[in-house]
Structures are given as structure tokens and as C-alpha cells.
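Peer 1: Quick one: sequence plus predicted model below, questions after.
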Amino acid sequence: MVTSVLRGLVAALLAVLSITASTPAQAAQTLTVAEAVTRLPVDAESRVGYDRDAFRHWIRGDDPSDGCSTRNEVLIAEAVEPPTVGPRCRLTGGRWWSYYDQVWVTAASGLDIDHMVPLAESWDSGAFAWTAQRREAYANDQGAQTSLVAVTARSNRSKADQDPAQWMPPAAAAHCRYIAEWVGTKLRWSLTADETEVAALRDAASDCPGQQMTFELAA
């Protein structure tokens with residue numbers, strides 16, 4: 001009973017935060033990763049009620065006139081060498097850098113678009129209290145370059161829905177960038193972090209003294 005009441009109070013608070021975040025965007029903030037970690041609201045997580053279908057994603061992208069889904073728009077935006085865009089946004093050619101595992105990819109089919117903070121993790125961290133429209137906006141967020149990232153299918157599926165206490169990119173050289181983008185995404189969407197996650201982020205940040213990150217609240 002107490003747990004249900006507390007979760008209800010958290011939901012109410014997060015609903016208020018969502019409304020606040022819907023007001024005109026605040027100026028972008030630039031912080032060191034270590035400082036950014038201290039800004040994360042700490043709370044317990046629960047996956048009760050989670051359903052991936054609650055997050056409608058890979059919808060028509062930011063430019064409805066291009067005929068591309070969010071997935072393909074991200075692939076086009078992140079390509080180091082642009083692919084050819086054919087009818088129905090079919091992509092051929094192109095070249096991408098998968099920074100999680102530090103490898104080049106030369107076929108769009110070899111890439112997944114990773115939600116930096118996985119959908120299930122976002123649910124645990126506050127998205128359970130959002131409207132369907134806000135969850136859709138989150139799942140297709142192209143307003144920040146770090147929210148969605150093109151990486152090898154292998155690395156994305158290895159990550160699954162784990163947070164940095166459970167999984168980090170296989171390439172050690174990617175760790176500082178990864179935690180910066182993780183924390184930035186959580187702050188952008190006013191998501192919480194549990195104590196184990198914060199401890200892991202704090203430890204990782206200590207190895208990245210010069211790493212900065214910039215974020216602004218999602219509209």
C-alpha cells in the first residue's frame with residue numbers, strides 16, 4: 001500500500017515536471033560530467049506496467065516531406081559518407097562510425113538506432129507517468145544529437161535495456177562520451193536515476209575530468 005502511494009506521488013511530480021518541460025525551452029546548459037551526475041534526481045526504479053508498445057517509434061521523421069522514418073533520418077544525419085536515398089527512403093551505400101565498438105559500418109542494414117536511455121529504462125525512471133504523446137516524442141527525439149545514435153546491431157543488442165551500472169560500451173575509449181550522453185539525455189527529459197546507477201556514473205565520471213556535456217530540457 002505504501003509503495004503504491006509513493007509511486008502515485010512520484011507520478012504526480014513527474015507529470016508536473018513534464019508540464020514544466022513543455023514550456024518554452026530553457027537555455028542550454030554546459031556542465032562537466034561529474035557535476036551533471038550530481039544534478040540527477042535519485043529515486044528507486046520499477047518496471048511495473050512497462051510495455052514497449054507504449055512508446056510509438058520510428059514514425060515519420062522530423063521532415064514529413066522526405067518520406068523517411070525517424071530511423072532513416074538519423075542514419076542520414078549520422079553518416080560520415082552520405083548514403084544514396086532512393087524511392088521510399090531506401091538507403092544504399094554510405095559509411096558510419098559505430099562509436100560504441102569503434103568500427104566502421106558500410107551498410108545501413110548493419111546498424112541499429114539505439115535509444116541512449118533505453119525505452120524500458122526511461123519507463124523505470126519516470127516515463128510511466130507521461131502521456132502517450134510525450135513518450136512518442138521521447139522515442140523519436142531528434143532535438144538532441146545524443147538521444148538517438150546509430151551503432152552496430154551487435155553492440156546495441158548487447159546493451160539491451162541496461163544502464164551504465166550493468167553495461168558500458170565495449171570500447172573503453174567510448175566511455176567518457178557515453179556517460180556524458182547518458183546523463184545529458186536523463187537531464188533533458190527530467191528522468192531519475194537509482195542509487196546503483198548514480199554510483200556507477202560517479203565512478204566513471206572520475207576517469208573523465210575534462211569531459212563536458214551540454215543539454216537543454218525537451219520541449
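Peer 2: Arrived safely, thanks for sending.

Peer 1: what helices or strands is the helix or strand hosting residue 77 leaning on?
Peer 2: Per DSSP states H and E, residue 77 falls inside helix 70-78. Judged by 3 or more Cβ pairs under 8 Å, 6 or more residues apart in numbering; DSSP states H and E, the packing partners of helix 70-78 are strand 91-92, strand 111-115, strand 148-152. C-beta coordinates here come from the backbone N, C-alpha and C atoms, glycine included.

Peer 1: So what are the sheet partners of the first one and their directions?
Peer 2: Counting by DSSP bridges, the strands paired with strand 91-92 are strand 84-85 (antiparallel).

Peer 1: mind listing the strands for this structure?
Peer 2: 29-32, 84-85, 91-92, 96-98, 103-105, 111-115, 148-152, 212-215 (DSSP state E).

Peer 1: Turn those into CSV, including distance to residue 78, mean pLDDT and mean neighbour count.
Peer 2: Formatted as CSV, the strands of the chain follow (distance: least, Cβ to Cβ, whole Å; pLDDT from 0 to 100; neighbours: other Cβ atoms under 10 Å):
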stretch, distance to residue 78, mean pLDDT, mean neighbour count
strand 29-32, 22, 96, 15
strand 84-85, 14, 96, 14
strand 91-92, 12, 97, 15
strand 96-98, 6, 98, 20
strand 103-105, 10, 98, 16
strand 111-115, 9, 98, 21
strand 148-152, 5, 98, 23
strand 212-215, 18, 95, 18
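
Peer 1: now those strands in JSON lines, with distance to residue 129?
Peer 2: JSON lines is the format used below for those (distance: least, Cβ to Cβ, whole Å):
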{"stretch": "strand 29-32", "distance to residue 129": "24"}
{"stretch": "strand 84-85", "distance to residue 129": "38"}
{"stretch": "strand 91-92", "distance to residue 129": "36"}
{"stretch": "strand 96-98", "distance to residue 129": "33"}
{"stretch": "strand 103-105", "distance to residue 129": "37"}
{"stretch": "strand 111-115", "distance to residue 129": "18"}
{"stretch": "strand 148-152", "distance to residue 129": "22"}
{"stretch": "strand 212-215", "distance to residue 129": "21"}
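
Peer 1: Quick one, which of those strands gets closest to residue 43.
Peer 2: Comparing the strands of the chain against residue 43 with Cβ to Cβ, the closest turns out to be strand 212-215 (19.2 Å).

Peer 1: Could you tell me which other helices and strands the closest one packs against?
Peer 2: Packed next to strand 212-215, using 3+ Cβ pairs under 8 Å, 6+ apart, are strand 29-32, helix 33-39, helix 175-188.

Peer 1: got the contact list for the longest one?
Peer 2: Counting by Cβ atoms under 8 Å, 6 or more residues apart in numbering, the neighbours of helix 175-188 from elsewhere in the structure are 33, 36-37, 39-40, 99-100, 116-117, 125, 144, 146-147, 149, 163-164, 168-169, 191-193, 201, 204-205, 207-208, 211-218.

Peer 1: Please identify the most buried of the helices and strands packed on strand 212-215.
Peer 2: helix 175-188 (a mean of 23; mean count of other Cβ atoms under 10 Å).
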